[in-house]
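> When you get a sec, could you give me coordinates for this:
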Amino acid sequence: MKGQTVIRCPQCGGNKVRESTLFKSLLALTFFCTVTIIGIPLAIIFALIWAFLRLASKGRKQMVCEECKHNFSVSQLTFEQYRKAIKENETAL
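Coordinates of the predicted model:
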C-alpha cells in the first residue's frame, strides 16, 4: 500500500489503511453457529446484529489504520478511488 494518498487515518495521518473485516467475520461466525442445534439461537442473534450494522453503515466502508489501529469510515466513492489507486500501484510494480 505504499504510496496511496486517497485515504488517510484521521487520528495519526498515516496512509497504511485496510478494509475492516468486522462484517465478514460476523457473517462467518453466524454460519459457523448454525452447524449445531445449540448454536442456532446464537446464529439468529449474530445475523440480526450483522443486518443492523450493515444497514447502519449503508454507503460507508469501515477502514482500519495499520499504524495506530484506529477504526473509521469513508464514503463508498472514496473507497472506490482507494481501490483504483491500489490497483494502479500494483500494476506499476
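
> these two touch, right, residue 19 and residue 66?
No. Judged on Cβ atoms under 8 Å, residue 19 makes no contact with residue 66 at a distance of 11.4 Å. Where C-beta positions appear, they are placed from N, C-alpha and C, glycine not excepted.

> Quick check: neighbours shared by the two?
By Cβ atoms under 8 Å, 6 or more residues apart in numbering, residue 19 and residue 66 have no common neighbours.

> Can you get me a residue count around the closest residue to residue 71 other than its chain neighbours?
Leaving out its chain neighbours, the residue that sits closest to residue 71 by Cβ to Cβ, 6 or more residues apart in numbering is residue 64, at 5.6 Å. By other Cβ atoms under 10 Å, the residues close to residue 64 number 17.

> neighbouring contacts of the helix or strand harbouring residue 64?
Secondary structure assignment for residue 64, by DSSP states H and E: strand 60-65. For strand 60-65, the external contacting residues (Cβ under 8 Å, 6+ apart) are 7, 9, 11-12, 14, 16-20, 22-23, 70-76, 78-79.

> same thing with stretch 6-13?
Contacts for stretch 6-13 (Cβ under 8 Å, 6+ apart): 14-15, 17, 63, 65, 67-68, 70, 72, 74, 78-79, 81-82, 85.

> Mind checking which of the contacts of strand 60-65 are in strands?
Using DSSP state E, the members of the contacts of strand 60-65 that fall in strands are 17-19, 71-75.

> so where's the chain uncertain?
Applying pLDDT under 70 to the chain picks out residues 1-3, 93.

> Let me see the contact set for the spatially most central residue of it.
Geometric centre of the chain, nearest residue: residue 20, 2.6 Å, by Cα atoms, centre = their mean. By Cβ under 8 Å, 6+ apart, the contact set of residue 20 is 61-64, 71.
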